[in-house]
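[1] Any chance you could fold what I've pasted below:
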Amino acid sequence: MALRTFSRRVVGSLLRGTREIASRRRWVSALTIASTGTLLMIGVGPAPAARRPAPRPPTEPKAWIDAKSFSVFPLGDGAMPDDAQSLCAALNEGWKQEIDVPDPEKAVVITGGIYPSVASMLIDFSDGRIRTTHEKKKGDGKIELSNKVEKNLQVEHLEVRGEPVLVRSSRMNMRLTADTAQINLERDRRGKPVMMLALAKSGTLSFDMSRVDAEALVLHDARELASHYGIDIESIRITIFPETPRSIQASVYVETKIAFIPAGMLFQAHIAIDDSMNARISGLACEGDGALGPLIVHFLRPSLARYNGKTHPLMSFPEEKMKLRDVAVRVDDGLHLTAAFGT
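    Have a look, this model is predicted:
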């Protein structure tokens with residue numbers, strides 16, 4: 001799942017909602033980007049989210065998180081793999097576009113069975129560093145799937161792990177497992193080969209990150225975005241209180257300066273996940289302090305109100321047969337999230 005993917009999606013929607021105000025007061029948009037989305041953080045995925053050309057029906061609520069961010073893997077720029085050895089090489093080449101790993105040749109291991117039915121596939125990018133947007137080659141953006149599957153692989157046990165993986169200077173641990181899995185090989189809209197986890201009888205996803213690392217990551221991204229609007233974000237403090245494994249109360253305090261004038265903002269929200277794996281946001285509010293804080297939140301509140309009380313599926317998968325089955329959040333000195341999925 002994606003801390004930055006999910007956060008930026010929500011923030012992008014909030015930014016569109018404040019466009020009229022922002023046209024006259026650009027700092028409103030910047031502060032919306034820098035703080036509000038961090039309330040809704042969930043996790044980080046290793047690959048960019050893939051987009052399918054066909055839109056979902058307008059009556060179906062869009063999920064907060066797109067599972068394509070961790071289930072689609074680039075396979076470089078070459079031919080479509082036709083055996084286990086060429087698939088390993090293609091995955092290694094694809095990872096170079098997204099993650100710097102210490103030893104790329106050992107990052108992918110396929111064992112057992114007879115291709116295209118294999119017993120085990122391990123993708124290990126532990127101690128790797130996820131490339132930032134500025135470090136990627138031009139054109140390495142979101143993957144747009146063609147929906148034209150060329151080959152299917154059957155994998156008894158798939159495991160993808162990064163324990164840890166670095167995003168800028170922040171460390172996080174993530175692990176994805178899938179049993180009795182079907183993997184599709186197809187090309188994206190640019191003709192490049194990609195691999196997608198399409199189906200699995202059962203699977204798990206786990207993610208954990210310390211509060212210090214989460215704050216550092218969010219602060220870096222917020223500063224980068226806010227700098228375009230002449231805003232200096234000095235600090236961000238994230239607090240999460242778990243009420244149950246599926247219900248949390250979150251708050252984010254953002255300390256800023258605008259033209260050397262201090263402005264502080266406290267954002268609060270309650271996030272609850274029901275048995276159908278729908279997530280509802282409630283109690284979304286903000287308060288301001290300092291010289292400019294109260295004035296700024298006055299303009300932010302209408303945009304926040306658009307999300308208050310909203311319920312959407314927590315996660316959507318590339319194939320409709322795949323469903324999120326359970327999710328649990330645990331908080332101590334860090335954020336720990338586990339999820340179960342399958343057909």
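
[2] tell me the contacts of the nearest residue to Val101 once chain neighbours are set aside?
    Leaving out its chain neighbours, the residue that sits closest to Val101 by C-beta to C-beta, 6 or more residues apart in numbering is Gly128, at 3.9 Å. Every C-beta, even on glycine, is put in place using the N, C-alpha and C of the backbone. Neighbouring residues of Gly128 by C-beta atoms under 8 Å, 6 or more residues apart in numbering: 95, 99-102, 107, 162, 165-166.

[3] gap between Gly128 and Lys106?
    12 Å (C-beta to C-beta, to the nearest Å).

[4] measure the closest residue to His298 other than its chain neighbours to Ser227 for me?
    Distances taken as C-beta to C-beta, 6+ apart put Gly288 closest to His298, at 7.8 Å, once the chain neighbours are dropped. Separation of Gly288 from Ser227 (C-beta to C-beta) stands at 21 Å.

[5] Which one of those two is surrounded by more residues?
    Gly288 (20 against 13; other C-beta atoms under 10 Å).

[6] Give the buried residues for the strand or helix carrying the more buried one.
    Taking DSSP states H and E as the criterion, Gly288 maps to strand 278-290. By neighbour count with 16 or more other C-beta atoms under 10 Å, strand 278-290 contains the buried residues 278-281, 284-286, 288, 290.

[7] What ranges in the stretch 1-150 of the chain fall below the confidence cut-off?
    1-60, 133-141 (pLDDT under 70).

[8] can you map out the strands along it?
    50-51, 65-66, 72-74, 99-100, 108-114, 117-124, 128-130, 143-167 (DSSP state E, counting those that start in this stretch).

[9] Using CSV, lay out those strands together with distance to Ser210.
    Converted to CSV, the strands of the stretch 1-150 of the chain look like this (distance: least, C-beta to C-beta, whole Å):
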stretch, distance to Ser210
strand 50-51, 29
strand 65-66, 21
strand 72-74, 27
strand 99-100, 20
strand 108-114, 28
strand 117-124, 22
strand 128-130, 17
strand 143-167, 10
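
[10] Relative to Arg325, which of those is closest?
    Relative to Arg325, the nearest member of the strands of the stretch 1-150 of the chain by C-beta to C-beta is strand 65-66, separated by 14.6 Å.

[11] quick one: strands adjacent to that closest one?
    If you go by DSSP bridges, strand 65-66 pairs up with strand 315-316 (parallel).

[12] what's the neighbour count on Ser170?
    Ser170: 22 neighbours (other C-beta under 10 Å).

[13] and the host helix or strand of Gly264, what does it pack onto?
    Using DSSP H and E, Gly264 falls within strand 261-273. If you count contacts as 3 or more C-beta pairs under 8 Å, 6 or more residues apart in numbering; DSSP states H and E, strand 261-273 packs onto helix 26-35, strand 247-258, strand 278-290, helix 293-305.

[14] For Lys68, which of the ones you listed is the nearest?
    It's strand 278-290; of the helices and strands packed on strand 261-273, that one is closest to Lys68 (C-beta to C-beta) at 17.9 Å.
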